[in-house]
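> Fold the following for me, if possible:
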Amino acid sequence: MKIENYIRDIQDFPKEGILFKDITPLLNDPIARKECLKILVESLEGQKIDKVVGAESRGFFFGILLAEELNAGFVPVRKPKKLPFETISASYELEYGLDRLEMHTDAIKKGDRVLIHDDVLATGGTAKAVCELVEKLGGEIIQCNFLMELSFLNGKEKIRNYPIFSAITY
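So this is what the prediction gives:
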């Protein structure tokens, strides 16, 4: 089964000139979803993972499934003012300006072995910010794990100091 067959291209979304990779067909098919989860888990080669950190919002879908499969905790990373408890934050660059991500201060304990998951590695800004948050709290990043990578955007460069896995590369 080729999971890329379950990724739909949407032209000019969210703005003109962007070819958006829509994962909802993958999420909607239980067999394809399980196959994708299997590929993501196998990339860890039996590594012990204490926490799976999922980036808002599409990183939550497989992030929570990975946490369940790995018998690990799940940590959501969200946009500012979406988490109810005390948070730490990190900035990342957008095409025009900056944005921020937040994580609860008690989400990661010193020495936790962490898997970071998001749906797509594009420019790498989001992933880099999530790595900064994990390391601020003393977590050890075991892998940055993505459903897909848009390799032409060179996002790997921003997180090159960490093990990286993408189930699909475009």
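> residue boundaries of the helices in the protein?
Per DSSP state H, the chain carries helices over the ranges 24-28, 30-42, 59-69, 125-136.
> Any chance of the ones you listed in TSV with mean neighbour count as columns?
To be clear about C-beta, it is placed using only N, CA and C from the backbone, and glycine gets the same treatment. Listed next are these as TSV, based on neighbours: other Cβ atoms under 10 Å:
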stretch	mean neighbour count
helix 24-28	15
helix 30-42	16
helix 59-69	20
helix 125-136	22
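> Export these to a markdown table and append columns for distance to residue 94 and mean pLDDT.
Putting the helices of the chain into a markdown table (distance: least, Cβ to Cβ, whole Å; pLDDT from 0 to 100) gives the following:
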| stretch | distance to residue 94 | mean pLDDT |
| --- | --- | --- |
| helix 24-28 | 24 | 98 |
| helix 30-42 | 27 | 98 |
| helix 59-69 | 17 | 98 |
| helix 125-136 | 7 | 97 |
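> any chance of the ones you listed in CSV, plus distance to residue 12?
Below are the helices of the chain laid out as CSV (distance: least, Cβ to Cβ, whole Å):
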stretch, distance to residue 12
helix 24-28, 17
helix 30-42, 26
helix 59-69, 24
helix 125-136, 22
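> Fine, thanks again, bye for now.
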